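[1] I need the structure of the sequence given here:
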Amino acid sequence: MSKPSISRRNVLGASLAAAVLPAVACAATSAGNDAHLLALYQQFQRVSDAIHAIDTGVVYKCGTPEATQQESKLETLLRRDDPLLKQIANTPALTPRGKQIKASIVLARLPRAVEDFDLDLSSEEIQMCLSLARDVTGGSSL
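    Residues are numbered from 1 along each chain as shown. The predicted structure is shown next:
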């Protein structure tokens, strides 16, 4: 059986699912002023979990109806992943829990992304890092 081509979001999504589970438990206990961020994160996590399930699930022979359906579902999920990550990066974290959510995403995605891909300032992963830094410093540079 041959596996369909794997995009960078597919690779990153698989690593994300395993790395961010501790933040889910922590964030679920108190939304506080980060209710919007938490809601975005929960959507993001559902997408990441679905990508991970496809990534680690059955591999269908290329060209079969099952493989075509799986690739279509994966494409839909991957198209949802980037906008959610951008929304999270553009939503200030106001509480320690919100900052923890963002930091868990950075820790899960950035090392692999830097290693595997030519990132620049416009990449979602770098934007997430800058957003987290703004949140931690309150938007000011020292």
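[2] Near residue 124, how many other residues are there?
    Residue 124 is flanked by 21 other residues according to other C-beta atoms under 10 Å. The C-beta positions use only the backbone N, C-alpha and C, and glycine is treated the same way.
[3] do the same with residue 44
    As a burial measure, residue 44 scores 21 neighbours (other C-beta under 10 Å).
[4] Now do the phi/psi pair for it.
    phi -60, psi -40 (degrees, to the nearest 10).
[5] State whether it and residue 83 are indeed in contact, as I suppose.
    No - under the criterion of C-beta atoms under 8 Å, residue 44 is not in contact with residue 83, lying 9.8 Å apart.
[6] so where is this protein shaky, pLDDT-wise?
    For the chain, applying pLDDT under 70 flags the ranges 1-32, 139-142.
[7] could you redo the last one with a cut-off of 50?
    1-4, 10, 14-30, 142 (pLDDT under 50).
[8] ranges for the helices of it?
    8-19, 21-29, 35-56, 65-89, 96-116, 124-137 (DSSP state H).
[9] How about the contacts made by residue 102?
    Residues in contact with residue 102 (C-beta atoms under 8 Å, 6 or more residues apart in numbering) are 37, 88, 89, 93, 128, 131, 132, 135.
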